[in-house]
Every structure is written in structure tokens, then in C-alpha cells.
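Asker: make a model of this:
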Amino acid sequence: MPFSIAGIGVFWYLFTLALACFFLMKGWDEWPLVFLGQLLGWLLQLAYLNLWVRYDDEGFTQRTLWGKTRSFRYEEITEIRRGAYQNSKYAPPGYEVVICCGKAHFTVSPGQGHYRDLLCLLAQKVPRERWKRLDLRKPDPCSHHIANGWRQVILTFLLPVIFAGLIVFEIVRRRLGYISKEDLTVVLWLFGSLGLLTLAWAILVLAVLRHPERHSQFLQKLAGRWAGYGGKIKYPKDAVTDPLFPEEAEP
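Answerer: I've put the predicted structure just below:
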């Protein structure tokens, strides 16, 4: 994972710590409740430390978020796919590559270290007939064809969590007598509406990217720009992965 993930986690941890100190100085007895918000920061730091892939000439090892480690030999690879196109200004642009070992699968992205070296090694170890592409016109149950950019992370994870946390915080404040019933109603409507809007937008983008042919050109352009594809949902050319998928054609 990029170090920026850990950086966001540290920032969030320090932010909640400062917020708890502010409430303590204000004399609020329930200031320790703010520390519940630190769970998000710890989760991001855990992702930075645990999500990795290591490889050598014999095979590779993958570690999951919760510390589970799985090892595979190159002979166990059943399929290699080209997935979502990553187009973030904070990481090198390029395609994610999905490595499947039976039912187990994971992705490597151009932002990870030794990305090119790993693909070159895979090209030597894995037969060419196992290299395939994810078809944008067909549903993908694992959603590997959808870019995992910062906008998707914020929409599908961070904002709803923040909104839900603020709602819980305001409810606690109401029960402790810090705000009136009328103020609580306004806060609940505001944060509840924002949370539902972000969730609805995430579902809409997901639906358009999974089945672009079912939606209008306007929605395709909107979802495509948001996901980092540009004005059209397509596979841009890429010097790293194009030689590995010579049989591909534009959908």
C-alpha cells in the first residue's frame, strides 16, 4: 500500500486526539467517546502494514488486512487478468493486474513497488493462454474492472463513516444535554441526507461501470470521468501491460 494511506491514518489519529483534548478543556465529561473515531486511523495504518505481496523465483506470498498469509507457486496460477485503469495524480498511471489461483485472487497495481519486475517474471513463468482481460461489457462479481482511486475510497468508505460517526456523536451529545431536540433533528436530517446521497452516488457509478451499455452516454461519461477513465469508459493504451495481452481488442 502507498505510504499516503498510513499518513492519512496518522493524521486522523492526531485529529481525534486534538479533538478529545479540546472537549476535555471545555469540561465535557464524555470526552473519551471521541477516541472511538481513532478506529479508522488504526485501520488505515493496519492496511499499510499488512497488505503486501512478496515474490521470488519459486512463487509469491500474499498477506491480507488481518494478517493472514497465503503462499502460491507460479504453477498454481490459473488466470491473470488486466483489470481497472488507475489514473491518480498521486500514483503512476496504469492497469491493475488480477492474479487468480483457483478461488483465491488479489491485485497488484502500478503504484506498488517492483510492479514491472513482477509482471516480467509472471510473463516468464505463466503460459500465455492464461493471460486474459476483464470484459467491461460483462458483470464482474469482484468489481476488479472498477478503478480503486481516491474518489471511490472517499465515496464508498470514508464519507459514510464520517457521517455515521457524526450522527452518533450528536445523539450522544443530545442524551447528555449538550444540544436541544430541535438542533438534533436538524443535524440528523443533514448528515443522514449527505450519507444517503454519497451511498446513492457510489451505487450509481458502480452500476454504470458494470453495465455501461445499459445507460445513456451522459451517465457513461460522468461515471467514466469520476472513475478515472476520462470521457469514455474504455481501456487506454499502456506500454507496460499491452505487450502482455496482445490478443486484446477494444470492446
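
Asker: so how far is stretch 60-77 from its chain's centroid?
Answerer: 20 Å (Cα atoms, centre = their mean, to the nearest Å).

Asker: buried residues in it, which are they?
Answerer: 60, 62-63, 72, 74, 77 (16 or more other Cβ atoms under 10 Å). Placement of C-beta: from N, CA and C, glycine included.

Asker: and stretch 185-197, what's its mean pLDDT?
Answerer: Mean per-residue pLDDT for stretch 185-197: 74.

Asker: would you mind writing the CA trace of that stretch as PDB?
Answerer: C-alpha atoms of stretch 185-197 as PDB (Å, rounded to 0.1, in the frame of the first residue of the first chain):
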ATOM      1  CA  THR A 185     -33.300  16.900  14.400                       C
ATOM      2  CA  VAL A 186     -31.600  19.400  12.000                       C
ATOM      3  CA  VAL A 187     -28.200  17.600  12.500                       C
ATOM      4  CA  LEU A 188     -29.800  14.100  11.900                       C
ATOM      5  CA  TRP A 189     -31.500  15.300   8.700                       C
ATOM      6  CA  LEU A 190     -28.400  17.000   7.400                       C
ATOM      7  CA  PHE A 191     -25.900  14.200   8.000                       C
ATOM      8  CA  GLY A 192     -28.400  11.500   7.200                       C
ATOM      9  CA  SER A 193     -29.200  13.100   3.800                       C
ATOM     10  CA  LEU A 194     -25.500  13.500   3.000                       C
ATOM     11  CA  GLY A 195     -24.800   9.900   3.900                       C
ATOM     12  CA  LEU A 196     -27.600   8.600   1.700                       C
ATOM     13  CA  LEU A 197     -26.500  10.900  -1.200                       C
END
